[in-house]
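Trainee: Provided below for reference: sequence and predicted model.
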Amino acid sequence: MTEKNRATLRQFEDEELAAKFLETPRRVIHQLKRKPKLTHIDVVRFRNAVATELLIVAPIRCQNLAQIDIEENLIEVGAGRSRRVHLHFPANVDKNDRVIEFVLPTSTVELLDYYLEHVRPCFMRMPNSYLLPGRGKSHLVKPGLSAQIADFVENEVGVRLTPHQFRHLAGFFYLKENPAGHEVVRQLLDHKSIETTIQFYAGMETAEVVKHYDQHIAKRRAESRQTGRRRGGDRV
């Protein structure tokens, strides 16, 4: 991981900024849904919010995001309240030739449903089955999509974040709560080896390890003081 990426991730040690980032897609979409009529700028913003939401809950590579086919990659299981939507990519489309699959949260599926019914048709110049349609029968191209998402996050959150950096951030968020969780991050981000994951985040998890240790010591001290007070009470 480059120093530039590390510097970007450090900004998300600010819990308020992290919360703002995580809530941005839903906030923007709810704001736009209240408008009686969407302009072209609105529908592009809506699409970027959906793309951002997907990268938050399923940190896939930008090329995979661009190529999501509604008929092939969004698989519905069950119906009604038991309905689940899986984002699935077969091994032959992945960089490391592995199957990628995420079960999307219900809240994300609700945003997708609205987008598919009310917003996606605004981009359709001719029929195609891509979630993020481009011109003609194709999908948005990776460079353009990456730039749009980075612009969107910068405008809404104040930090410029590319789709590739979303993947770094996903690992950062998980290791922040689980400093020893490198294997989970390896699988989440589809790294070939655990060494890659450890090297990427080397040193960044140290602060969280120290924090966990400090919390442990504070807890032990509190317990010790409480025990001392009880013993003092017994003597009285």
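Mentor: Cool, the structure landed.

Trainee: so what does the longest strand along the chain touch, helix or strand wise?
Mentor: Using DSSP state E, we find that the single longest strand of the chain is strand 84-89. Other helices and strands packing on strand 84-89, by 3 or more C-beta pairs under 8 Å, 6 or more residues apart in numbering; DSSP states H and E, are helix 70-73, strand 74-77, strand 100-103, helix 106-114. (C-beta placed from N, C-alpha, C; glycine too.)

Trainee: at 6 Å what do you get?
Mentor: With contacts taken as 3 or more C-beta pairs under 6 Å, 6 or more residues apart in numbering; DSSP states H and E, strand 84-89 sits against strand 74-77, strand 100-103.

Trainee: Pull up the pairing partners for that strand, direction included.
Mentor: Here strand 84-89 is paired, per DSSP bridges, with strand 74-77 (antiparallel), strand 100-103 (antiparallel).

Trainee: How about residues contacting it?
Mentor: Strand 84-89 is contacted from outside by 58, 64, 73-78, 100-104, 109, using C-beta atoms under 6 Å, 6 or more residues apart in numbering.

Trainee: ok, and the closest non-adjacent residue to residue 152?
Mentor: residue 48 (3.9 Å; C-beta to C-beta, 6 or more residues apart in numbering).

Trainee: quick one: average pLDDT of the longest strand of the chain?
Mentor: Strand 84-89 carries an average pLDDT of 94.

Trainee: What residues of that strand count as buried?
Mentor: Across strand 84-89, burial judged by 16 or more other C-beta atoms under 10 Å covers 85, 87, 89.

Trainee: from those, which single one is nearest residue 18?
Mentor: Nearest to residue 18, judged by C-beta to C-beta, of the buried residues of strand 84-89 is residue 87 at 23.2 Å.

Trainee: Could you check the pLDDT of the residue nearest the centre of the chain?
Mentor: With distances taken as C-alpha atoms, centre = their mean, the residue of the chain nearest its centroid is residue 56 (1.4 Å). Residue 56 is assigned a predicted lDDT (pLDDT) of 94.

Trainee: Next: the one 5 residues further on.
Mentor: At residue 61, the pLDDT value in this model is 91.

Trainee: among the strands paired with strand 84-89, which is nearest residue 130?
Mentor: The closest of the strands paired with strand 84-89 to residue 130 is strand 74-77. By C-beta to C-beta, the value is 10.9 Å.
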